[in-house]
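>>> from the sequence below, what's the structure:
(chains A, B, C and D)
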There are 4 protein chains.
Amino acid sequence: MATNVGLIGLGLMGRPMGQNLMKAGFSLTVWNRTRERAREFVEQGASTAGTPRDVAAKSEVVITMVSDPPALEEVLWGPKGAIEGLQKSSVLIDSSTVSPALARRAAAACAEHEAEFLDAPVTGGTWGAEKGELVFMVGGRKEVLEKVQPVLAAMGKKFFHLGGHGAGQTIKLAMNMILALQVDALAEALALVQGAGLDGERLIEVLQASMARAAVLDVKAPMILAGNYPPSFPLRLMHKDLGLALELANQIGVSLPATAAAREIYNAVKGATREDVDYAAVAKFWQKS
Amino acid sequence: MATNVGLIGLGLMGRPMGQNLMKAGFSLTVWNRTRERAREFVEQGASTAGTPRDVAAKSEVVITMVSDPPALEEVLWGPKGAIEGLQKSSVLIDSSTVSPALARRAAAACAEHEAEFLDAPVTGGTWGAEKGELVFMVGGRKEVLEKVQPVLAAMGKKFFHLGGHGAGQTIKLAMNMILALQVDALAEALALVQGAGLDGERLIEVLQASMARAAVLDVKAPMILAGNYPPSFPLRLMHKDLGLALELANQIGVSLPATAAAREIYNAVKGATREDVDYAAVAKFWQKS
Amino acid sequence: MATNVGLIGLGLMGRPMGQNLMKAGFSLTVWNRTRERAREFVEQGASTAGTPRDVAAKSEVVITMVSDPPALEEVLWGPKGAIEGLQKSSVLIDSSTVSPALARRAAAACAEHEAEFLDAPVTGGTWGAEKGELVFMVGGRKEVLEKVQPVLAAMGKKFFHLGGHGAGQTIKLAMNMILALQVDALAEALALVQGAGLDGERLIEVLQASMARAAVLDVKAPMILAGNYPPSFPLRLMHKDLGLALELANQIGVSLPATAAAREIYNAVKGATREDVDYAAVAKFWQKS
Amino acid sequence: MATNVGLIGLGLMGRPMGQNLMKAGFSLTVWNRTRERAREFVEQGASTAGTPRDVAAKSEVVITMVSDPPALEEVLWGPKGAIEGLQKSSVLIDSSTVSPALARRAAAACAEHEAEFLDAPVTGGTWGAEKGELVFMVGGRKEVLEKVQPVLAAMGKKFFHLGGHGAGQTIKLAMNMILALQVDALAEALALVQGAGLDGERLIEVLQASMARAAVLDVKAPMILAGNYPPSFPLRLMHKDLGLALELANQIGVSLPATAAAREIYNAVKGATREDVDYAAVAKFWQKS
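Next up, the predicted model:
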């Protein structure tokens, strides 16, 4: 019999993840803050639940995929939150990007209900979510990961077990720090080159023939050169993740000077930009319109 | 008849460049501040000259490859410097990494002697120099580049013409900014992950499966994990290049916040480290021994 | 008849504040997490209460003076917290340094109990607390400040009404940013001067004869020159306040590059230092022992 | 008989310094790059010379007061520069703000001519120059300072002997770092407060009643609040001095993270501002017009 899977959060990432779960044959129950998003799932045979608690009450595996820590706190501990509905021996998997501390709080809350918890944030973006090729960075007990791997396998292709509760989030924050700095470095270099009167495209051409080539530069350089930033990974979320990384670093006494400098540039752009833009828009710091 | 080529500077880069010039059949005259380095060239059939001026006086193409701006000023304008020996219609190619302003000064001095100038810094490291696979970033007149391309082709495989005098140096500095920030970002991320009690090798493993993968991380991550930094590109030179990039940026009013933050970390490590180390040793900022 | 005043938190600041409240004749009820601290107050005629809720239940004015946001959340909303004991028409005054957002949450919670709230962080340190010369930075309704001014006057000499709920905290964070940067600037300048082989004391002497003179430098320079940091205002609290300032700035999209850089230096020292030190110990970043 | 004093540079600072030298009865010879500036001095009885060399040739004490290192190099070593005119046993005093390395080069050049050198940058601004109340920060031999003190006393009131050649410049750069960071800290704090919807003037009022009070804030806060920046000490010179401080720090391996962050803000404003403004205009970084 198919495992009952619950999915809380049907946004840019949650929606394709849910579709892949259905394709794989899981019996799916969904919930989203704005109800309309659930409709297409129901039409395809999924159930919907009135509250996160009800999702949890019906599911052996519950997946949360929401935009930030307050949103996760709301669906877990808010009125009729998922925690209070958790079944004994069920597994709550959080694929949002939040702080390791919040992951550990969720793990402790699960333990009180005799349920298991994994923090399992992902990389791969909406493209990876649609193709079912996400990479999962997992913190928690290895046996639990093995147990739910068939569920994760519907959505992703790689599953890294990285340590205890919070380890997945820590590695995810570290990865996003690197991406944010790689793209900011490109933006600083382009600003220098263009400020000196040269053609930015020539810099990109040279970079791709050099040790400075990087996967993310291939994707973001064209956006920066065009000054056009349709959101693939939104700047506001990258800015949030830099904040989470710095919060963790400041709790444990690790100094991150360049990350802190970059965060303030993302912050300046966030403060000055109305529309929702990709994080490559960090380059708007230098692109005075 | 083979072009007479002069080579000033037989260090880590200049030595293999010179050997490739000889292999390609050019008639080579060399000079190095410490004389002994010239001996092996003489044994293989090259000429040596007593001063940079004498190198220039004997050469149709003169290449300079020294470690920093003061060294270049010395070989060009110091007592018996190359500039005063330049032949009419000869070409001076500087492959050192210096400021675009210094490149333009050299171009002006060449013009006074009715000689041509190219700034042509390289990327590819000692490995690329040995294999003859350097990438040249060239500023100056395109016709001049075409004229000397047979000489450059003995040492490299790609020749980007990037603009007028100084353009090669500007692009080179932009590239090194990016490399310095990519490696610093990796070091910050590893410090965070290890400070949180996790295994740094797992971060690298995940990165390589993600959009954060980058050519330089593959090379430098093992050095940082091992805490062992045999110099491939020395930290003192990367620190110098960050200074040149910031000097240029501050001349033209382009703000580089993360580059400036990273420069101070490289600076802290430079100040605290006795031995000559690779720039991946930026990670020593967090690796308190 | 004397106003019933409740005081929650008897630490370095709360203790002398309480003593001044007693001297001024207020009928005082105290509570502290570690009970023993209340004893001396009882001996002098104060009451003690078993819980923050009981303090609130007995008081017309309740003052909280605790070390950080989690501590405030605990005494306000934890089990038997002050909020649930608040009397109608009473006033809760928080003199801790916390985020403006938390101040507004406390104000909303007070309103639900038909009580008033002021955020009223202080400056003046333990010395000012002992002398009854604190300066209060107040956010909330002006009429409420006027009503409780006799209570505040027992502890301080100046009362700035700065705006609505949270305004006191915002100004306090701005002030501490400035102090943190002034002291870090002194530390950086001394590191430069001493690194260049000069006598740091001569720098201080010159500064005091110049436009760079500042009240805090007079106090902190001797500590840095001696390398001895008995805590007057602890570094861990300054580090926390920089975090709160950056959190606010990143919520509202205001970029704070130098504050962010300084926070990472305080962070590095916090991470490397075992004992409790004054924030002048930021200079330990350069004072490798 | 009155000492023959030469003065090279009649700008905002040099002009009032020269007038005070004349008032004190010294026999003065002046030179300025733009000749007209010398005329008023000639009308008042001074001599003028055709070249810096001629100034030196006629003077027992030569004072240079120019805007930056290239200007100093030009008047000392350019065609018909002062160095080649120096009389045996004369004293060259440089009151410009330049690098300690350049001060030491000048000292060495003086020694070759059997002349003495002092680096003697000043603080006090144009106001102090006019009142004859400058403070001199002096590097060089103490006996030389004693010998020329009557000359300096015509222009200033305090003379700090701080060490050997370059010590005056090092202390001056350290002082300007502190000033630049104090004013940037104020600007960051005001941006935060105003971004949060509060009145910036109230912050200033509170600061002045607190430990964060500082001489420079009294002067610069009204400029920032008014958004009006008539140059007292121009931003372009403060930006230059931050560059000199960082150059020194990076030569000796002392990391200056907050100074580096602040320099990039001054740089951004310098790059975006056409007119000549006071360094308090660093606040324009946040004051988007």
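
>>> tally of neighbours for residue A:210?
Residues lying near residue A:210 (other Cβ atoms under 10 Å in any protein chain shown) number 21. Glycine gets a C-beta too; all of them are placed from N, C-alpha and C.

>>> phi and psi next, for the residue nearest to it when sequence neighbours are not counted.
Distances taken as Cβ to Cβ, 6 or more residues apart in numbering or on different chains put residue B:123 closest to residue A:210, at 4.8 Å, once the chain neighbours are dropped. Main-chain dihedrals, residue B:123, degrees, to the nearest 10: phi -130, psi 150.

>>> partners of residue B:123 in the sheet?
residue B:135 (DSSP bridges).

>>> pretty sure it sits against residue B:174.
No. Using Cβ atoms under 8 Å, residue B:123 and residue B:174 do not qualify as a contacting pair, with a distance of 11.4 Å.

>>> about what we covered before: count the residues that sit near the residue nearest to residue A:210.
Here the neighbour count serves as a burial measure; for residue B:123 (other Cβ under 10 Å) it reads 25.

>>> over to residue A:39?
Counted with other Cβ under 10 Å, the burial measure for residue A:39 works out to 12 neighbours.

>>> element containing it?
Applying DSSP states H and E as the criterion places residue A:39 in helix A:36-43.

>>> what mean pLDDT does whichever helix or strand comes after that helix get?
Toward the C-terminus, helix A:36-43 is succeeded by strand A:47-48 as the next helix or strand (DSSP H and E). Per-residue pLDDT over strand A:47-48 has a mean of 96.

>>> how about stretch A:218-234?
For stretch A:218-234, the mean confidence score works out to 95.

>>> and that stretch, how far apart are its ends?
For stretch A:218-234, the first-to-last residue distance is 17 Å (Cα to Cα, to the nearest Å).

>>> same thing with stretch A:194-203?
10 Å.

>>> in stretch A:231-241, what counts as buried?
Applying a neighbour-count criterion of 16 or more other Cβ atoms under 10 Å in any protein chain shown, one finds A:231, A:233, A:234, A:235, A:236, A:237, A:238, A:239, A:240, A:241 buried in stretch A:231-241.

>>> mind checking which of the residues you listed are in helices?
A:235, A:236, A:237, A:238, A:239, A:240, A:241 (DSSP state H).

>>> I figured residue A:76 was touching residue A:83, is that so?
Yes. With contacts counted by Cβ under 8 Å, residue A:76 reaches residue A:83, the gap being 5.1 Å.

>>> chain B contacts on the stretch 1-150 of chain A?
Applying Cβ under 8 Å from any Cβ of the partner chain, we find that the stretch 1-150 of chain A lies next to chain B at A:100, A:123, A:124, A:125, A:135, A:137.

>>> list the contacts of the second one.
Listed by Cβ atoms under 8 Å, 6 or more residues apart in numbering or on different chains, the contact set of residue A:123 reads A:134, A:135, A:137, A:172, A:175, B:206, B:210, B:211.

>>> what about the residue in the stretch 101-250 of chain A positioned nearest to chain D, neighbour count?
Of the stretch 101-250 of chain A, the residue with the smallest distance to chain D, taken as Cβ to the nearest Cβ, is residue A:195 at 7.9 Å. Around residue A:195 there are 19 other residues, counting by other Cβ under 10 Å.

>>> that one touches residue B:249, doesn't it?
Yes. Between residue A:195 and residue B:249 there is a contact under Cβ under 8 Å: 7.3 Å.
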